[in-house]
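In: what follows is a protein structure lacking sequence information:
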């Protein structure tokens, strides 16, 4: 393991989801649901991120399909430059704000320095430059402190 990756990264929880950028959610669901047998959980628009997403369950984790809804966004630029495929991996953590602080102290470059609203709970991203080219998302486990502060129901 590279010395620049802090030991705390090994303490992340389960993989919440793996995200795949697609040109069309509607055109992609039949592969994942019908041919590969994953359960379609939800399809939703996320106007703040200018994407449409679909979650498909597999075991304890999910596959997230991400379709850009605006050609000027980072996701759209990613799709145009790299094509459809792997976009990011998301790990669950118990306390997102605390985890972000620890990772920043350890020298990782954060895209989000504080938790923000995501589709399924508080989230934040770590820049790919700090993770060997991989975009890493962190999501706080249900009921964590950021759930209440960000106004999620059922927290």
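Out: Perfect, I can see it now. Small disclaimer: the values here were computed from a predicted structure and weren't measured.
In: do a quick rundown of the strands in the protein.
Out: With strands called from DSSP state E, the chain shows them at 15-21, 39-46, 51-58, 61-68, 85-93, 116-117, 122-126, 135-140.
In: the residue lying closest to residue 28 once chain neighbours are set aside: what's it in contact with?
Out: Excluding the flanking residues, the one nearest residue 28 by CB to CB, 6 or more residues apart in numbering is residue 22, at 4.3 Å. Using the backbone N, CA and C atoms, a C-beta is placed for each residue, glycine as well. Residues near residue 22 by CB atoms under 8 Å, 6 or more residues apart in numbering: 28, 65, 66, 67, 84.
In: thinking again about what came up before, now render the strands of the chain as CSV, adding mean neighbour count, mean pLDDT and distance to residue 78.
Out: Formatted as CSV, the strands of the chain follow (neighbours: other CB atoms under 10 Å; pLDDT from 0 to 100; distance: least, CB to CB, whole Å):
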stretch, mean neighbour count, mean pLDDT, distance to residue 78
strand 15-21, 20, 98, 6
strand 39-46, 13, 97, 16
strand 51-58, 20, 98, 11
strand 61-68, 21, 98, 8
strand 85-93, 18, 97, 7
strand 116-117, 15, 95, 19
strand 122-126, 23, 97, 13
strand 135-140, 23, 97, 9
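In: of all these, which lies closest to residue 149?
Out: strand 122-126 (8.1 Å; CB to CB).
In: who are the packing partners of the closest one?
Out: On a contact count with 3 or more CB pairs under 8 Å, 6 or more residues apart in numbering; DSSP states H and E, strand 122-126 meets helix 96-105, strand 116-117, strand 135-140.
In: which of the ones you listed sits closest to residue 75?
Out: From these, taking CB to CB, the stretch that ends up closest is strand 135-140, at 10.4 Å.
In: okay, the residue nearest to residue 100 when sequence neighbours are not counted and residue 25: tell me how far apart.
Out: Excluding the flanking residues, the one nearest residue 100 by CB to CB, 6+ apart is residue 124, at 5.6 Å. Look at residue 124 and residue 25: by CB to CB, to the nearest Å, they are 24 Å apart.
In: bridging residues for residue 17?
Out: residue 62, residue 90 (DSSP bridges).
In: distance of residue 79 from residue 135?
Out: Residue 79 is 13 Å from residue 135, by CB to CB.
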